[in-house]
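**Q** structure for the following, please:
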Amino acid sequence: MTPFRDVTGRAIPFGRANVDTDIIIPAPWLKTISRQGLGRGAFESVRAEPGNVFDDPAYAGAPILIAGENFGCGSSREHAAWALADLGIRAVIAPSFSDIFSGNAFKNGILTVELPRAAIDRLMEVAREHPLTVDLESQSVTSPLQDRFVFTLDAFRRDCLLNGLDEVGLTLGNADRIAAFEARRSIEAPWL
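**A** This next block holds a predicted model:
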C-alpha cells in the first residue's frame, strides 16, 4: 500500500448525504475481482445527471472527495473503495461514514476524514475554486484561503496509513518472529 502523508489538489464538491455503496459502484460492476477499471463505473447513476461534478473538467483527476453525512452506507462491498481508488481518490471528507465503508477505505489506503457540517459547508464552497490539502501527519485539512480544520483518527489507522501498511505488510513486519516461532515449533513438536 502506498504511504499516505498528505495530498494536495482539487476536491470534488459532491456533498450528498446517505450515499450508499450502490451509488459509489453499481451492482453490475461487481462481477470482477480486479480493482482496475472500476473507476469507470464509479458514481455511474450520478454521472448520468446533466452537469454533475464528476464529469466537470475542473475536477478531473481530483484526489479528494467531499461528501455529506453517512457516506458509504448500505452493503459491505469492498468494490466501493476499489472504485474510489481507481478514480484517483486518496481522501474522502464527510461529517460521518458507514463503519464498514470506513474500514474498507482504510484497508485500501484511502483516508476518511470526519469534520463537522459547518466545516464541510466551508470546504464545499472553497473547493469550487481552490485546491485543498489533507495532511495526515498534522491531521488537518487546509486551503490557500487560510482555512484549517483539525480531525482525529484512530492511532493504529494513522500509523498504518503513514507507513503504507495493510494486513500483509503488518504480517511481514513480524517475519523474523514468525520464522523463530516456526523453527522452535518444529523442534518442540516435530510431528506437526
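
**Q** now do the helix ranked longest in the chain: everything it contacts.
**A** Secondary structure of the chain per DSSP state H: the longest helix is helix 175-188. Applying CB atoms under 8 Å, 6 or more residues apart in numbering, the contact partners of helix 175-188 are Thr171, Leu192. Quick note: C-beta positions are derived from backbone N, CA and C, even for glycine.

**Q** buried residues, it. List them.
**A** Within helix 175-188, not a single residue qualifies as buried, counting by 16 or more other CB atoms under 10 Å.

**Q** just the CA coordinates of it, formatted as CSV?
**A** Only the C-alpha atoms of helix 175-188 are listed here, as CSV (Å, rounded to 0.1, in the frame of the first residue of the first chain):
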residue,chain,number,x,y,z
ALA,A,175,8.6,-12.2,9.6
ASP,A,176,11.5,-12.7,11.9
ARG,A,177,9.3,-13.6,14.9
ILE,A,178,7.2,-15.9,12.8
ALA,A,179,10.3,-17.7,11.5
ALA,A,180,11.6,-18.1,15.0
PHE,A,181,8.3,-19.5,16.2
GLU,A,182,8.1,-21.9,13.3
ALA,A,183,11.7,-23.1,13.9
ARG,A,184,11.0,-23.5,17.7
ARG,A,185,7.8,-25.4,16.9
SER,A,186,9.4,-27.8,14.5
ILE,A,187,11.9,-28.8,17.3
GLU,A,188,9.3,-28.9,20.1
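
**Q** hmm, Ala11 and Thr133 touching each other?
**A** No - contact criterion CB atoms under 8 Å: Thr133 and Ala11 do not qualify, at 9.8 Å.

**Q** and these two? which has more neighbours close in?
**A** More crowded of Thr133 and Ala11, by other CB atoms under 10 Å: Ala11, with 29 against 18.

**Q** list the residues that contact the more buried one.
**A** Applying CB under 8 Å, 6+ apart, we find Ala11 in contact with Tyr59, Ala62, Ile64, Leu65, Ile66, Ile93, Leu123, Ala127, Pro131, Leu132.

**Q** could you save these as TSV and add columns showing pLDDT?
**A** Formatted as TSV, the contacts of Ala11 follow (pLDDT from 0 to 100):
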residue	pLDDT
Tyr59	97
Ala62	98
Ile64	98
Leu65	98
Ile66	98
Ile93	98
Leu123	98
Ala127	98
Pro131	98
Leu132	98
